[in-house]
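Peer 1: Need a 3D model of the following:
(2 chains)
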2 protein chains.
Amino acid sequence: MQWLKESEYLLNPPKTKRGWDTLEKICKAAEREFSEKGFSNVSVVDITQSAQIAAGTFYIYFDSKLAMYKYLLKSYYHDIRMNIQKQVEGVSSREEQEAIGLRYWFDYVDKHHFVFNIAWESFFIDKELFDEYYTSFGQAYSSRLQRAQENGEVRDIDLEVLSFSLIGISNFLALHWVVFKKKNHYDYVRDEAMKLLREGMFINHK
Amino acid sequence: MQWLKESEYLLNPPKTKRGWDTLEKICKAAEREFSEKGFSNVSVVDITQSAQIAAGTFYIYFDSKLAMYKYLLKSYYHDIRMNIQKQVEGVSSREEQEAIGLRYWFDYVDKHHFVFNIAWESFFIDKELFDEYYTSFGQAYSSRLQRAQENGEVRDIDLEVLSFSLIGISNFLALHWVVFKKKNHYDYVRDEAMKLLREGMFINHK
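Peer 2: Numbering: from 1, shown residues only, chains lettered A, B, ... in the order given. Model (predicted):
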């Protein structure tokens, strides 16, 4: 997990390795605390105690618990996008990119247990945050799909609808197979989901 | 919204119209309170005050706040399923059923503002509840799809994967267009999503 080097929510980006280590401790403690108790039941003191740092240190980096949460959420957004992009670098077929991205996403959720806790709690903290988080993913998705549509790789479907459909698929497959079933059938799930994306759901008898 | 007439979480099902009215007041107040403040920040007293009923009345029906939440969640599950089934009654084509169900789901979310608040908060109250809620939908979906697959209407795709993909699509489309965008483009969104389901996402150049 790569925490953002710069962010509107980070008061003072650390200047040293040691500073980054401290910030990372705070972030990890915060995700753990938020995920275990829920955002509204966690205090800054809980976070600093769990991170085993002095209480005042928190305020070098963040001016509030909410600012720190927003920093976590943005960090996840960028970390997910950056990692998926890295996976599909140099892959020219959009279909193949989709399959690789979906498969990688299962591994990502597997390694980052708290990603749904952090992302979805935004719905309850401030709905606008949730909307912004997924709308950002949707816009990034749409612009990549647009190139593929112009290349004739993707059908004439509204790209906002298509993006949110794909986001829905990847989220619910990861929830069901990674978060809950915790069985490693990820290749199989990807292959079956790709049938839907490749061929469509209904056999046309006309 | 139809609250369940019988449920393991309901201590005493009301016997009179007046009893049902009281139970409904409690349920409506609870959804409002949970949605506004979050489950963990709401007390039974908050609910009874908001419902304008005597504090003790709550305990005629539920033995705890959690039992009452579980009752709400189960009621939503049954209400959603029952209403969608009613919409597609007598429609023989599975594809048409899917289109009708999706379109109706947008209206349902539009009319039931709290449905995502109630359903998704389960992820934070007790993850097993969330899993159970969506797994129940997934199983019901799968068994209906199985008949359509046997009829040759649905491609050879794993039905658990397909069900969760469809659940993902309908949830994220409703979130983006109904909860957040609040613009009535529901027919258009349904039509575009049906393109994906009907034909598949990628044009095959082979």
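
Peer 1: quick one, helices of chain A?
Peer 2: A:17-37, A:44-51, A:58-61, A:65-88, A:94-111, A:115-125, A:127-150, A:159-173, A:186-199 (DSSP state H).

Peer 1: quick one: which of the ones you listed is nearest residue B:85?
Peer 2: Closest approach to residue B:85 among these (CB to CB): helix A:159-173, 21.1 Å. Quick note: C-beta positions are derived from backbone N, CA and C, even for glycine.

Peer 1: For that closest one, enumerate the helices and strands it packs against.
Peer 2: With contacts taken as 3 or more CB pairs under 8 Å, 6 or more residues apart in numbering or on different chains; DSSP states H and E, helix A:159-173 sits against helix A:94-111, helix A:127-150, helix A:186-199, helix B:159-173, helix B:186-199.

Peer 1: so where's chain A shaky on pLDDT?
Peer 2: A:200-206 (pLDDT under 70).

Peer 1: picking that back up, would you mind finding the most buried of the helices of chain A?
Peer 2: Most buried of the helices of chain A by mean neighbour count (mean count of other CB atoms under 10 Å in any protein chain shown) is helix A:159-173; its value is a mean of 24.

Peer 1: Tell me how far that one lies from the chain's centre.
Peer 2: Offset of helix A:159-173 from its chain centre (CA atoms, centre = their mean, to the nearest Å): 13 Å.

Peer 1: can you list contacts of it?
Peer 2: With contact meaning CB atoms under 8 Å, 6 or more residues apart in numbering or on different chains, helix A:159-173 is reached by A:98, A:101-102, A:105-106, A:134, A:137-139, A:141-142, A:145-146, A:149, A:154, A:189, A:193, A:196-197, B:134, B:161, B:164-165, B:167-173, B:175-176, B:189, B:192-193, B:196, B:201.

Peer 1: Quick one, which of the helices and strands packed on helix A:159-173 gets closest to residue B:22.
Peer 2: The closest approach between residue B:22 and any of the helices and strands packed on helix A:159-173, judged by CB to CB, belongs to helix A:127-150 at 30.8 Å.

Peer 1: Can you show me the CA trace of that closest one as PDB?
Peer 2: Output of helix A:127-150 as PDB, limited to C-alpha atoms (Å, rounded to 0.1, in the frame of the first residue of the first chain):
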ATOM      1  CA  LYS A 127     -22.300  10.300   1.100                       C
ATOM      2  CA  GLU A 128     -20.500  12.800  -1.100                       C
ATOM      3  CA  LEU A 129     -17.200  11.100  -0.400                       C
ATOM      4  CA  PHE A 130     -18.600   7.800  -1.500                       C
ATOM      5  CA  ASP A 131     -20.100   9.400  -4.600                       C
ATOM      6  CA  GLU A 132     -16.800  11.100  -5.400                       C
ATOM      7  CA  TYR A 133     -14.800   8.000  -4.900                       C
ATOM      8  CA  TYR A 134     -16.800   5.900  -7.300                       C
ATOM      9  CA  THR A 135     -17.400   8.700  -9.700                       C
ATOM     10  CA  SER A 136     -13.600   9.100 -10.000                       C
ATOM     11  CA  PHE A 137     -13.200   5.400 -10.800                       C
ATOM     12  CA  GLY A 138     -16.100   5.700 -13.200                       C
ATOM     13  CA  GLN A 139     -14.600   8.600 -15.100                       C
ATOM     14  CA  ALA A 140     -11.200   7.000 -15.300                       C
ATOM     15  CA  TYR A 141     -12.800   3.800 -16.500                       C
ATOM     16  CA  SER A 142     -14.900   5.600 -19.100                       C
ATOM     17  CA  SER A 143     -12.000   7.500 -20.600                       C
ATOM     18  CA  ARG A 144     -10.000   4.200 -21.100                       C
ATOM     19  CA  LEU A 145     -13.100   2.500 -22.500                       C
ATOM     20  CA  GLN A 146     -13.600   5.400 -24.900                       C
ATOM     21  CA  ARG A 147     -10.300   4.800 -26.600                       C
ATOM     22  CA  ALA A 148     -11.300   1.100 -26.900                       C
ATOM     23  CA  GLN A 149     -14.600   2.100 -28.300                       C
ATOM     24  CA  GLU A 150     -13.000   4.400 -30.900                       C
END
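
Peer 1: Give me the helices and strands touching that helix, please.
Peer 2: Helices and strands touching helix A:127-150, by 3+ CB pairs under 8 Å, 6+ apart, are helix A:65-88, helix A:94-111, helix A:115-125, helix A:159-173.

Peer 1: Out of those, flag the one nearest residue B:9.
Peer 2: helix A:115-125 (22.3 Å).

Peer 1: Say whether chain B is contacted by that closest one.
Peer 2: Yes - between helix A:115-125 and chain B, judged by CB under 8 Å from any CB of the partner chain, the touching residues are A:116-117, A:120-121, A:123-124.

Peer 1: again with stretch A:37-49
Peer 2: Yes - with CB under 8 Å from any CB as the criterion, chain B is reached by stretch A:37-49 at A:38, A:40-41.

Peer 1: re the thing from before, adding distance to residue B:25, write the helices of chain A out as JSON lines.
Peer 2: Output for the helices of chain A, formatted as JSON lines (distance: least, CB to CB, whole Å):
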{"stretch": "helix A:17-37", "distance to residue B:25": "31"}
{"stretch": "helix A:44-51", "distance to residue B:25": "37"}
{"stretch": "helix A:58-61", "distance to residue B:25": "43"}
{"stretch": "helix A:65-88", "distance to residue B:25": "34"}
{"stretch": "helix A:94-111", "distance to residue B:25": "41"}
{"stretch": "helix A:115-125", "distance to residue B:25": "24"}
{"stretch": "helix A:127-150", "distance to residue B:25": "26"}
{"stretch": "helix A:159-173", "distance to residue B:25": "34"}
{"stretch": "helix A:186-199", "distance to residue B:25": "44"}
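
Peer 1: So for residue B:93, which of the ones you listed sits nearest?
Peer 2: Across the helices of chain A, residue B:93 has its closest neighbour in helix A:186-199 (18.4 Å, CB to CB).

Peer 1: out of the helices of chain A, which comes closest to residue B:58?
Peer 2: Evaluated with CB to CB, the helices of chain A place helix A:115-125 nearest to residue B:58, the distance being 23.3 Å.
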